[in-house]
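Trainee: got a structure for you, letters missing:
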């Protein structure tokens with residue numbers, strides 16, 4: 001188990017990295033569906049919104065990140 005202070009640091013660094021992607025307008029795909037990441041929940045899962053639904057991904061294996069050309 002991760003200590004509380006280590007967990008907080010991990011969460012903070014994860015959010016910092018994710019926020020860079022969010023500000024660039026990144027998209028993700030999984031199983032042919034496209035999603036826009038919107039944040040991270042308290043469990044560290046990625047929150048996303050798709051064309052027809054909201055989703056939460058706990059396992060990031062298989063997700064492809066699409067970075068727009070700016």
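Mentor: That came through, no problem. Quantities reported herein were computed from a predicted structural model and do not represent experimental measurements.
Trainee: now the spatially most central residue of the chain: how far from residue 6?
Mentor: When C-alpha atoms, centre = their mean is applied to the chain, the residue found nearest the centroid is residue 46 (3.7 Å). Here residue 46 is placed at a distance of 20 Å from residue 6 (C-beta to C-beta, to the nearest Å). Quick note: C-beta positions are derived from backbone N, CA and C, even for glycine.
Trainee: again with residue 29
Mentor: Going from residue 29 to residue 6 by C-beta to C-beta gives 32 Å.
Trainee: those two: which is more packed in?
Mentor: Applying other C-beta atoms under 10 Å to residue 29 and residue 6 shows that residue 29 carries more neighbours, namely 13 against 10.
Trainee: next up, the contacts around that one.
Mentor: Contacts for residue 29 were tallied using C-beta atoms under 8 Å, 6 or more residues apart in numbering; they are 35, 63-64, 66.
Trainee: next, it: secondary structure please.
Mentor: strand (DSSP: H, G, I helix; E, B strand; the rest coil).
Trainee: okay, it: pLDDT?
Mentor: Predicted confidence (pLDDT) for residue 29: 90.
Trainee: and residue 56, that's in a strand?
Mentor: Yes. Counting by three-state DSSP, residue 56 is part of a strand.
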